[in-house]
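In: Predicted model and sequence follow; I will ask about them next.
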Amino acid sequence: MLIFGTVLALDAYSVRGDIEDARATVTQLQVAAGQRDMASLPELGDELADSATRAVERTESPLWRAGEFVPVLGENLRGVRFVAESVDGLSRELVSPAIELASSFTLTRDPATGAFDTSPVSAARDILAAAKQNVSDAASELDSVNTDLTLQPVGEAVDEYAGVLGDMGRMLDQSQAGISALGALLGINGPETIVLAFLNNAELAPLGGGPAAQLLLTVDSGRVEVVEQVSSWDFAEGTPAPVEVDESARMLYDEILTSNINASFSRPDLPTAAKILDAQWQRIRGVQLDGVISVDPIALAMILQATGPVTVSSGEVLDSGNAVSMLLNESYLRYDGHTEADDFFERATSAVFDRVMAADYDVWAMADALVHAADYGSLMMWSADAETEAFTTGTRLQGTLPTTNDPETVLGVYFRDRSSSKVDFYLHADTVVTTNLCDADAPTYTVETRIWFDFPPGIELPDFVEGEFFDFYRTEVFAYGPVGASVSNAAVLEAGTATATGPIVDDLGRPAVKYTVDLVRGQTGVVRSTFAGVPGEYGPTLVRSSPMINPIAITMQDAPCG
């Protein structure tokens with residue numbers, strides 16, 4: 001028995017060495033992939049495959065498998081084997097095929113038909129699906145290991161690789177969401193009708209702004225055709241779209257949520273916006289939508305980093321440095337009235353779309369730009385197809401708030417302009433979140449938000465930029481607490497000209513507070529919401545907010561205990 005145990009211990013030590021080699025190679029792969037060092041990827045992939053194969057081969061011996069039935073020793077051997085198999089699976093199911101695809105992935109169009117070749121997208125989708133299944137299976141196996149019965153180094157290895165699998169799963173979710181969005185835009189699943197909505201952050205809404213310009217697209221097997229371009233003026237105001245929304249949403253966002261197209265992105269829930277948009281398109285054109293993709297000028301600026309400058313039909317040149325200011329401020333000062341500025345917005349967004357469709361740029365740089373845009377909340381996608389929509393579940397691309405507080409406790413701080421102005425180019429905000437987990441059964445989260453406008457000295461703005469309804473700037477602030485929590489306090493610390501509180505409702509499975517803040521130049525509004533949680537699992541606290549031109553400053557702090 002002593003010899004038996006000694007031999008297995010030596011094998012286990014060797015396997016651990018192979019696993020350590022594999023871990024180091026995974027780190028190098030991540031760096032190389034982040035730097036798009038395609039030349040280094042194949043060699044690193046081979047190194048990972050060699051280490052993983054050696055580790056698994058050692059655990060496949062009859063002696064090893066027999067040892068897994070020995071009390072105490074067996075749990076250690078099982079843990080080591082599961083880690084080895086996990087690394088080997090990642091190498092075979094993800095790393096090797098991904099490297100092969102990455103080295104040749106490109107978007108090409110048939111010069112005769114103009115259709116994109118969708119086979120690389122299909123291949124990427126298959127690789128990601130297989131990899132996700134592998135990660136899920138491996139995570140289940142590692143979770144079955146009782147680390148209370150293992151030696152410390154084995155337990156640490158199991159926990160460490162469980163963390164690696166968690167990170168890998170989140171990365172795969174993000175990648176799968178991106179490939180799903182690309183596939184939807186190219187019509188990989190057959191003919192679909194999609195609206196590409198360009199949001200205006202200068203007239204802010206929780207999801208970004210009103211859809212100032214929209215492109216109606218038909219897509220099918222790589223063919224993308226623009227059917228029509230419209231602006232918000234093409235949708236009549238005042239008549240609610242025939243669509244059902246939750247009463248909580250109507251209480252928070254008023255009847256204009258469904259009766260004014262520019263308010264359709266008010267609720268921080270893209271499926272709600274897509275449903276309203278679909279109803280509006282059916283009403284004005286008799287067109288039913290299969291998908292909605294929203295993008296704002298902040299995302300366009302990121303995209304222009306990949307494509308390079310774009311020349312608008314009227315002669316202006318847009319680049320990553322001037323796109324936001326040109327689209328959301330300078331155009332309003334340069335062009336007279338709503339119509340001319342909106343026309344420029346349409347021309348500019350159409351020019352960027354055409355440039356993206358040309359596909360003559362670094363696709364990996366474009367992928368980075370789109371990931372950053374989605375992470376900021378400036379790029380979202382909804383699909384009527386349940387399978388396609390499922391690919392975006394749990395990612396920022398889906399445009400929804402999480403339905404649980406684990407693995408992260410996500411709070412929401414959102415803003416909506418109610419002055420019918422374009423002054424949110426000058427809006428600033430900061431938020432301080434205090435998390436109190438001293439009583440695990442009754443956690444509290446305090447969210448204090450400050451807003452103000454920072455105008456250049458002496459600037460005079462056109463009436464339609466200043467807002468024509470009031471002689472002040474009205475901004476609604478919405479604070480969302482954790483899932484299942486309740487509001488224990490809602491306070492106005494600085495009212496500005498006037499600040500009203502309410503309603504306070506449960507929306508999207510969370511408590512939500514609305515504040516209506518009226519400010520004039522030089523004033524500040526400060527509101528504070530406190531949310532009381534219920535017993536349960538709470539991950540690290542994060543804040544999601546409207547994608548603002550001037551990014552919101554967020555400070556996280558823990559309440560002292562004792």
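Out: Structure received.

In: Okay, and the beta partners of Ser545?
Out: Val413 (DSSP bridges).

In: Please tell me how far Asn260 sits from Arg416.
Out: 12 Å (CB to CB, to the nearest Å). Yep, even glycine has a C-beta here, placed from its N, CA and C like the rest.

In: more crowded one of these two?
Out: Arg416 (27 against 22; other CB atoms under 10 Å).

In: I'd say the more buried one and Lys514 touch.
Out: No: using CB atoms under 8 Å, Arg416 is not in contact with Lys514; the gap is 9.2 Å.

In: any shared contact partners between these two?
Out: Taking CB atoms under 8 Å, 6 or more residues apart in numbering as the criterion, Arg416 and Lys514 both touch Glu476, Phe478.

In: wait, what's in contact with the residue positioned nearest the centre of the chain?
Out: Closest residue to the average C-alpha location of the chain: Arg396 at 1.8 Å, with CA atoms, centre = their mean. Residues near Arg396 by CB under 8 Å, 6+ apart: Ala374, Asp375, Gly377, Met380.

In: again, 10 Å this time
Out: Gln174, Ala177, Val371, Ala373, Ala374, Asp375, Tyr376, Gly377, Ser378, Leu379, Met380, Arg544 (CB atoms under 10 Å, 6 or more residues apart in numbering).

In: With Val135 instead?
Out: Here Val135 is in contact with 86, 89-90, 93-94, 164-173 (CB under 10 Å, 6+ apart).

In: For burial, what's the neighbour tally of Asp362?
Out: With other CB under 10 Å as criterion, Asp362 counts 13.

In: Same question for the one 5 residues further on.
Out: Applying other CB under 10 Å, we find 17 other residues in the vicinity of Ala367.

In: Poorly predicted segments of the stretch 201-350 of the chain, please.
Out: 337-338 (pLDDT under 70).

In: ok, now how distant is the residue nearest to the centre of the chain from Gly536?
Out: As for Arg396, its distance to Gly536 is 23 Å (criterion: CB to CB).

In: With Asp18 instead?
Out: Distance check for Asp18 against Gly536: by CB to CB, it reads 40 Å.

In: which one of these two has more residues nearby?
Out: Asp18 (21 against 16).

In: Which positions within the host helix or strand of Glu346 qualify as buried?
Out: Assessed by DSSP states H and E, Glu346 sits inside helix 337-358. Of all the residues in helix 337-358, those buried under the rule 16 or more other CB atoms under 10 Å are 341-342, 344-353, 355-356.

In: Also compute the angle for the following helix or strand past that helix relative to helix 337-358, please.
Out: Counting by DSSP H and E, the element after helix 337-358 in chain order, helix or strand, is helix 363-376. If you take axes from the mean of the first three to the mean of the last three CA atoms, to 10 degrees, helix 363-376 sits at 140 degrees to helix 337-358.

In: elements contacting helix 363-376?
Out: If you count contacts as 3 or more CB pairs under 10 Å, 6 or more residues apart in numbering; DSSP states H and E, helix 363-376 packs onto helix 152-185, strand 291-295, helix 297-307, strand 379-383.

In: ok, back up a step: any idea which of the buried residues of helix 337-358 is closest to Ile194?
Out: Comparing those against Ile194 with CB to CB places Phe353 closest, at 12.1 Å.

In: nearest residue to the closest one other than its sequence neighbours?
Out: Leu215 (6.4 Å; CB to CB, 6 or more residues apart in numbering).

In: my guess is the one you found meets Glu346, correct?
Out: Yes: here Leu215 reaches Glu346: they are 9.1 Å apart, a contact under CB atoms under 10 Å.

In: between the contacts of Val135, which is closest to Val243?
Out: The closest of the contacts of Val135 to Val243 turns out to be Asp173 (CB to CB; 29.2 Å).

In: contacting residues for that closest one?
Out: If you count contacts by CB under 10 Å, 6+ apart, then Asp173 has Leu128, Lys132, Val135, Phe391, Thr392, Thr393, Gly394, Thr395, Leu397 around it.

In: Count the neighbours of the last one for me.
Out: What that stands for is Leu397. If you count neighbours by other CB under 10 Å, Leu397 ends up with 28.

In: Can you tell me the SS state at it?
Out: helix (DSSP: H, G, I helix; E, B strand; the rest coil).

In: And for the second one?
Out: Each residue gets one of three states, and Lys132 gets helix by three-state DSSP.

In: Just want to check the distance between Ser122 and Ser350.
Out: Counting by CB to CB, the gap from Ser122 to Ser350 is 29 Å.

In: got the contact list for the nearest residue to Pro242 once chain neighbours are set aside?
Out: Of all residues not flanking Pro242 in the chain, Ala279 sits nearest, at 5.7 Å (CB to CB, 6+ apart). Residues counted as contacts of Ala279 (CB under 10 Å, 6+ apart) are Pro240, Ala241, Pro242, Val243, Glu244, Thr258, Ser264, Gln288, Leu289.

In: Trp281 is in contact with the fourth one, correct?
Out: What it means is Val243. No: using CB under 10 Å, Val243 makes no contact with Trp281, being 11.3 Å away.

In: ok so, going back, between helix 297-307 and the helix holding Glu346, find me the angle.
Out: 40 degrees.

In: now helix 337-358: how far from the chain's centre is it?
Out: 25 Å (CA atoms, centre = their mean, to the nearest Å).

In: and what of stretch 242-254?
Out: The answer for stretch 242-254 is 24 Å, by CA atoms, centre = their mean.

In: do stretch 110-124 as well
Out: Distance, centroid of stretch 110-124 to centroid of chain: 26 Å (CA atoms, centre = their mean).

In: how about the helices in the stretch 351-500 of the chain?
Out: 363-376, 386-391, 463-466 (DSSP state H, counting those that start in this stretch).

In: Most tightly packed of those helices?
Out: helix 363-376 (a mean of 18; mean count of other CB atoms under 10 Å).

In: Format the CA atom coordinates belonging to that helix as CSV.
Out: Only the C-alpha atoms of helix 363-376 are listed here, as CSV (Å, rounded to 0.1, in the frame of the first residue of the first chain):
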residue,chain,number,x,y,z
VAL,A,363,-11.6,43.0,-38.0
TRP,A,364,-9.9,42.5,-34.7
ALA,A,365,-9.7,46.2,-34.1
MET,A,366,-13.4,46.4,-34.9
ALA,A,367,-14.1,43.6,-32.5
ASP,A,368,-12.3,45.5,-29.7
ALA,A,369,-14.3,48.6,-30.5
LEU,A,370,-17.6,46.8,-30.4
VAL,A,371,-16.8,45.1,-27.1
HIS,A,372,-15.9,48.4,-25.5
ALA,A,373,-19.1,50.0,-26.9
ALA,A,374,-21.2,47.1,-25.4
ASP,A,375,-19.4,47.4,-22.1
TYR,A,376,-20.2,51.1,-21.9
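
In: and that helix, how far out from the chain's middle?
Out: Counting by CA atoms, centre = their mean, helix 363-376 comes out at 11 Å from the chain centroid.

In: same check, this time on stretch 487-495
Out: On CA atoms, centre = their mean, the centre of stretch 487-495 falls 29 Å from that of its chain.

In: Need the overlap of contacts for Leu215 and Glu346.
Out: By CB under 10 Å, 6+ apart, Leu215 and Glu346 have these common neighbours: Phe198, Gln229, Val230.

In: A strand includes the last one, no?
Out: Which is Val230. Yes: according to three-state DSSP, the state of Val230 is that of a strand.

In: Now for it: which residues touch it?
Out: For Val230, the contact set (CB under 10 Å, 6+ apart) comprises Val195, Pro211, Ala213, Gln214, Leu215, Leu216, Ile261, Trp281, Ile284, Arg285, Glu346.

In: which ones among those are found in strands?
Out: Under the assignment DSSP state E, these contribute Val195, Pro211, Ala213, Gln214, Leu215, Leu216 to strands.

In: For Leu493, see how far away the first one is.
Out: Spelled out, that is Val195. Taking CB to CB as the measure, Val195 falls 41 Å from Leu493.

In: Looking at these two, which one has more neighbours?
Out: With neighbours defined as other CB under 10 Å, Val195 and Leu493 compare such that Val195 has more, 25 against 13.

In: What's opposite that one in the beta bridge?
Out: Bridge pairing for Val195 - DSSP bridges - gives Leu216, Val292.
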